[in-house]
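Student: Provided below are the primary sequence and the corresponding predicted coordinates.
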4 protein chains.
Amino acid sequence: MNPIDEVSFALTLSCPDRPGIVHAVSGALVQAGGNITESQQYGSPRTAGNAGSFFMRVEVLTTAGFDALRRALEPVAETFSMEWELHPVDSAVRTLVMVSKEAHCLNELLFQQRSGTLPIVVPAIVSNHPELAELAAFYGVPFYHVPVSDKVQAEARLREIIAEQNIDLVVLARYMQILSDQLCRELSGRAINIHHSFLPSFKGARPYAQAHARGVKLIGATAHYVTGELDEGPIIEQEVIRVDHAHSAERLAQMGRAVEARTLSQAVRWHAEHRVLMDGHRTVVFD
Amino acid sequence: MNPIDEVSFALTLSCPDRPGIVHAVSGALVQAGGNITESQQYGSPRTAGNAGSFFMRVEVLTTAGFDALRRALEPVAETFSMEWELHPVDSAVRTLVMVSKEAHCLNELLFQQRSGTLPIVVPAIVSNHPELAELAAFYGVPFYHVPVSDKVQAEARLREIIAEQNIDLVVLARYMQILSDQLCRELSGRAINIHHSFLPSFKGARPYAQAHARGVKLIGATAHYVTGELDEGPIIEQEVIRVDHAHSAERLAQMGRAVEARTLSQAVRWHAEHRVLMDGHRTVVFD
Amino acid sequence: MNPIDEVSFALTLSCPDRPGIVHAVSGALVQAGGNITESQQYGSPRTAGNAGSFFMRVEVLTTAGFDALRRALEPVAETFSMEWELHPVDSAVRTLVMVSKEAHCLNELLFQQRSGTLPIVVPAIVSNHPELAELAAFYGVPFYHVPVSDKVQAEARLREIIAEQNIDLVVLARYMQILSDQLCRELSGRAINIHHSFLPSFKGARPYAQAHARGVKLIGATAHYVTGELDEGPIIEQEVIRVDHAHSAERLAQMGRAVEARTLSQAVRWHAEHRVLMDGHRTVVFD
Amino acid sequence: MNPIDEVSFALTLSCPDRPGIVHAVSGALVQAGGNITESQQYGSPRTAGNAGSFFMRVEVLTTAGFDALRRALEPVAETFSMEWELHPVDSAVRTLVMVSKEAHCLNELLFQQRSGTLPIVVPAIVSNHPELAELAAFYGVPFYHVPVSDKVQAEARLREIIAEQNIDLVVLARYMQILSDQLCRELSGRAINIHHSFLPSFKGARPYAQAHARGVKLIGATAHYVTGELDEGPIIEQEVIRVDHAHSAERLAQMGRAVEARTLSQAVRWHAEHRVLMDGHRTVVFD
């Protein structure tokens, strides 16, 4: 059994690929008394004029403490020009959820959070409509009604809440407003949206109506990081379900809700467990 | 057990929706001594200024014979302004398969046909390359090498083979040429293509490279009727498989082959069993 | 658009198979001014000494009203020795949900019921533990804490609630007690259980631990009608998800909860829409 | 681009878990001039009185050559009491396929092998029936007809072929005979069987008939290592497909063939890529 003071940390890193990275990292971890309990890596392909990039995620169990572990890793990180992060595995990610009127994604996130299956804490729910206040109250989460009659003002209020609540992650859980380019840039890599189609099919508005009109035989949902380009951000997770000719666009929307909820909650879990790294416009997910 | 002279027929029909259709059809079948063994129907929604359409597929077992059954149905078909077809269930659909160099879809169709799980007969394989002649020979199917240096001439040759071999269905099994608009029109409703993406995502050329660049987490294949608009025909069947960041575009193409083969063979089965009806640009599949 | 007094009914029936059933049923419906909007049928195979059975579900839209429709169908039902039921499509099925401590299945049923995607009403939740009272209260459903220190007494209390609340359907939503044989018989065909394995694998206790020990690569859930034989009742729906060697038995249990919740809610939906018929020990599901 | 003499090796190992393994292994690889291109690991849980086991698979690119790499690893392997294997990634696994009359699994393996998507070479097909000789001939594989009127004699012949052909892996591709306990032991860890059910459901004979009788809503296939206990060997891969009440046992068998073929070929691929390690009665699959 683990002694009480053994703590598990998740280390994620990316850097230009070259020999010796794993050995150097594992050496630093050994030096800090760490035991690697999980490790995954990926090297993006070498191309002409590009050495390729190296991505790694390690879980390490140690009594050394956060600061000692960080100090042990710093020289390695410098040597290999790494971008890197170190997080205690057990620390919940502070998550702000944005919604409009539809409850299914919010309900899933809050239920899973309370059940202990999603390593997040939700200190704030922000909505441009009042309808979901009651659900927020049931889960004991402060609900901020921020109408968007004036988008600049609404986003200013959102920034305040993010700052006050020390938010790590913003989740757009069927929030039916488009964030400004400026805000998208500020939240880069820490805002996740759920789009109710299998992207890149059916970008933009009313994807279920588009899917019905096209007569597709599967519908889906896509969880992706938010960028300034609508529905073009790096994809974290996608799922589909089978449909048929007899399903109306309304029925597709209804069936799709369950897929949206679980696709989003899977993406949030991976992000909160520090399993998602950026490879340009693509994501590396160490599942 | 069935007496030797009981035969099973598939009746498919569509018409403007109004009360009494099922009763009239079942009455005509009873009159012809038929027993309904399978029946499916679908009414497309009524909209303002549109009564909706009615679609039906019935399998009926009878000793009456094709002609008597047809005569019994004709007055009903006229009364309700039906488009309809009647086929013996056991008659194999005469199918011409078009290929280029990749064998996986052809191999699947021929293997399933020989195994008795696909109710088609393949009297001709047409290819713009010679590579798959050996596979055709193994299955005892005449192989026509029709290069497309001159598309008009090549399509003329194709029309001849279709006419000579009395072809019901043309299957483009990774045939890497685009048919002319004129030929698409001639083959309307009886030519099926497999596209190697989950349409409408990644239309056109090199869909796996597009999918890789976009970083999708699922890839798929789409079997659809051929129309003059590239990759826009009515969808019969779609399937997807899960992929991840570590899969190169080449690996996606390799993994996708199995999905293409089974998506196409499923679509061909449904068509050959007379389970696919047209509802404008969408298909009704009575699975 | 439908006039205000057109009502949709679901007719389900089964009887010995013989020619003329569809025509007779459709005739009775036409006579009652009904328009068939959905129809499905299935004939179980003829075997030596067994004519086979015929199963049918029809949705019919009519202004005739329940009683007139019933009267029109009675002679047909008698002629063909049918077992049959007629229900207004819009009437919610009165459902009692039984739970112990785990919330996921109950949460799914209540959320979907409130969202309008599950045609049930829940007048009572019965539990042998008090933990889920708060969730019940949030959804405004009376919560009955019925401990099972004495099973005879507990089941007597359950019978009272079923009678008082005029319950149509009992759902065991991870209720961790086994009902008596006598009660199983009384509730035959109107009690649905969710078992947390892909039956018939891993019957009985601790299925996730069994699944982990066996090293399966997929885990699942099974919704079935309750019978006196544990985990042997007719299966309504099953689903699986992929797992791997790294998942502990505890993690399997956690991952499995989402599958249990959606498998159960799908089964409840089909039952509540009168889409499930019994064919001996098997179910016919007209999806 | 890789110089011509860079070779990729797959290293697999397992040992009692303790700190420093990754660092020691990566050190040996660095010392041999290797660059790690893929790496996966898994630690089975520590339990009372059991330190847990550590499993690792590494792909390493090096100009050092097999022998130098092996020498570099030997001291590490000894220090940590490793069971380990080292294979050039590009060397095809010599695979003997055993069949009876059904062609679907053999056809899939041979087609994929020829397509270059399965890193095996098939020097021999052994069958207790002559039917599949023609298919073997098409793929240019020697076909041995070994009837089993006398099982001792038949297995003696099989051992000869295995020895003569220097076989690494035996695949039972719907071979309808049970191997003797003795032979199972000899082939331990290098014989893969496909069972036509989702194990542990429906062990033994006629699983599709059993599945039909039970009324399951999904059917599946299981690829597993062969052991003396029938259908009890370590599971490598499982897959399922959806079925319904209308499918006869014969139709289930027909539909199941495609699932069997792809489940088996997936398991063979993982084995041939040295991705499957044994953890007692369970497998660790580094996909």
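Tutor: Ah, there it is. Numbering: from 1, shown residues only, chains lettered A, B, ... in the order given.

Student: up against chain C, what does the stretch 1-150 of chain A have?
Tutor: A:38, A:103-104, A:107, A:111, A:115, A:117, A:138 (C-beta under 8 Å from any C-beta of the partner chain). The way it works is simple: take the backbone N, C-alpha and C, and place the C-beta from them, glycine included.

Student: in helices, which of those appear?
Tutor: Those of the residues of the stretch 1-150 of chain A next to chain C mapping onto helices are A:104, A:107, A:111, A:115, A:138, per DSSP state H.

Student: what's residue A:151 sitting at in phi/psi?
Tutor: The phi/psi pair for residue A:151 (degrees, to the nearest 10) reads phi -70, psi -40.

Student: can you tell me how far it is from residue A:157?
Tutor: 11 Å (C-beta to C-beta, to the nearest Å).

Student: quick one: which of these two has more around it?
Tutor: Taking neighbours as other C-beta atoms under 10 Å in any protein chain shown, residue A:151 and residue A:157 compare with residue A:157 leading, 16 against 13.

Student: contacts for the helix or strand harbouring that one, please.
Tutor: Assessed by DSSP states H and E, residue A:157 sits inside helix A:151-164. Residues outside helix A:151-164 that contact it (C-beta atoms under 8 Å, 6 or more residues apart in numbering or on different chains) are A:96, A:98, A:124, A:126, A:128, A:144, A:146-148, A:167, A:170, A:177, A:179-180, A:182-183, A:186.

Student: quick one: whatever residue of chain A ends up closest to chain C from chain B, how far?
Tutor: Closest contact between chain A and chain C, by C-beta to the nearest C-beta, is at residue A:138 (4.7 Å). Distance, residue A:138 to chain B, using C-beta to the nearest C-beta, to the nearest Å: 33 Å.

Student: ok, and the closest non-adjacent residue to that residue?
Tutor: With sequence-adjacent residues excluded and distances taken as C-beta to C-beta, 6 or more residues apart in numbering or on different chains, residue A:138 is closest to residue C:138, at 4.7 Å.

Student: can you count the residues close to the one you found?
Tutor: Around residue C:138 there are 16 residues (other C-beta under 10 Å).

Student: show me which helix runs longest in chain A.
Tutor: Longest helix in chain A, counting by DSSP H: helix A:249-272.

Student: how far off centre is the strand or helix carrying residue A:67?
Tutor: Here residue A:67, judged by DSSP H and E, is contained in helix A:66-79. Relative to the centre of its chain, helix A:66-79 is centred 25 Å away, using C-alpha atoms, centre = their mean, to the nearest Å.

Student: buried set for the helix or strand just after it?
Tutor: Heading C-terminal from helix A:66-79, the first helix or strand you meet, by DSSP H and E, is strand A:83-88. Within strand A:83-88, the residues scored as buried using 16 or more other C-beta atoms under 10 Å in any protein chain shown are A:84, A:86-87.

Student: for strand A:83-88, enumerate the helices and strands it packs against.
Tutor: strand A:7-16, helix A:66-79 (3 or more C-beta pairs under 8 Å, 6 or more residues apart in numbering or on different chains; DSSP states H and E).

Student: close enough to count as contact, residue A:137 and residue A:143?
Tutor: Yes - under the criterion of C-beta atoms under 8 Å, residue A:137 makes contact with residue A:143 at 6.8 Å.

Student: who's more crowded, these two?
Tutor: Using other C-beta under 10 Å as the criterion, residue A:137 and residue A:143 rank with residue A:143 on top: 18 against 13.

Student: look up the closest residue to that one, ignoring the ones flanking it.
Tutor: residue A:136 (3.9 Å).

Student: what does whatever helix or strand that neighbour lives in rub up against?
Tutor: Residue A:136 is part of helix A:133-138 when elements are defined by DSSP H and E. With contact meaning C-beta under 8 Å, 6+ apart, helix A:133-138 is reached by A:103, A:106-107, A:110, A:125, A:127, A:142-143, A:145, C:138.

Student: now do 7 Å
Tutor: Residues lying outside helix A:133-138 but in contact with it, judged by C-beta atoms under 7 Å, 6 or more residues apart in numbering or on different chains, are A:103, A:106-107, A:125, A:143, C:138.

Student: dump the residues you listed to TSV, plus distance to residue C:161 and pLDDT.
Tutor: As requested, these are exported to TSV (distance: C-beta to C-beta, whole Å; pLDDT from 0 to 100):
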residue	distance to residue C:161	pLDDT
A:103	29	97
A:106	32	98
A:107	27	98
A:125	36	98
A:143	35	98
C:138	20	97
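
Student: now these in a markdown table, with distance to residue D:210?
Tutor: Listed next are the contacts of helix A:133-138 as a markdown table, based on distance: C-beta to C-beta, whole Å:
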| residue | distance to residue D:210 |
| --- | --- |
| A:103 | 43 |
| A:106 | 44 |
| A:107 | 40 |
| A:125 | 50 |
| A:143 | 53 |
| C:138 | 44 |
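
Student: and the two most separated of those?
Tutor: Spatially, the most separated pair among those is A:125 and C:138, at 15.8 Å (C-beta to C-beta).

Student: quick check, the lowest-mean-pLDDT helix or strand in chain A touching chain D?
Tutor: Within chain A, confidence by mean pLDDT, DSSP states H and E is lowest for strand A:35-43 among all helices and strands, at a mean of 90. Yes - Strand A:35-43 is in contact with chain D by C-beta under 7 Å from any C-beta of the partner chain, via A:35-37, A:39-41, A:43.

Student: which among those residues end up buried?
Tutor: A:35-37, A:39-41, A:43.

Student: buried stuff in the next helix or strand after the longest helix of chain A?
Tutor: As assigned by DSSP H and E, the chain's next helix or strand after helix A:249-272 is strand A:276-279. Across strand A:276-279, burial judged by 16+ other C-beta under 10 Å covers A:276-277.

Student: okay, now the sheet partners of strand A:276-279, with direction.
Tutor: Take DSSP bridges as the rule and strand A:276-279 pairs in its sheet with strand A:282-285 (antiparallel).

Student: kindly export the strand it pairs with (C-alpha atoms) in PDB.
Tutor: The C-alpha coordinates for strand A:282-285 follow below in PDB (Å, rounded to 0.1, in the frame of the first residue of the first chain):
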ATOM      1  CA  ARG A 282      -4.600  18.400 -34.200                       C
ATOM      2  CA  THR A 283      -4.700  16.900 -30.800                       C
ATOM      3  CA  VAL A 284      -2.700  14.100 -29.300                       C
ATOM      4  CA  VAL A 285      -4.900  12.200 -26.800                       C
END
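
Student: circling back to that earlier point, how near is the residue of chain A closest to chain C to residue A:132?
Tutor: Taking C-beta to C-beta, one finds residue A:138 at 10 Å from residue A:132.

Student: any chance of the helices and strands packed on strand A:83-88 in TSV, plus mean neighbour count and distance to residue C:15?
Tutor: As requested, the helices and strands packed on strand A:83-88 are exported to TSV (neighbours: other C-beta atoms under 10 Å in any protein chain shown; distance: least, C-beta to C-beta, whole Å):
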stretch	mean neighbour count	distance to residue C:15
strand A:7-16	20	62
helix A:66-79	16	72
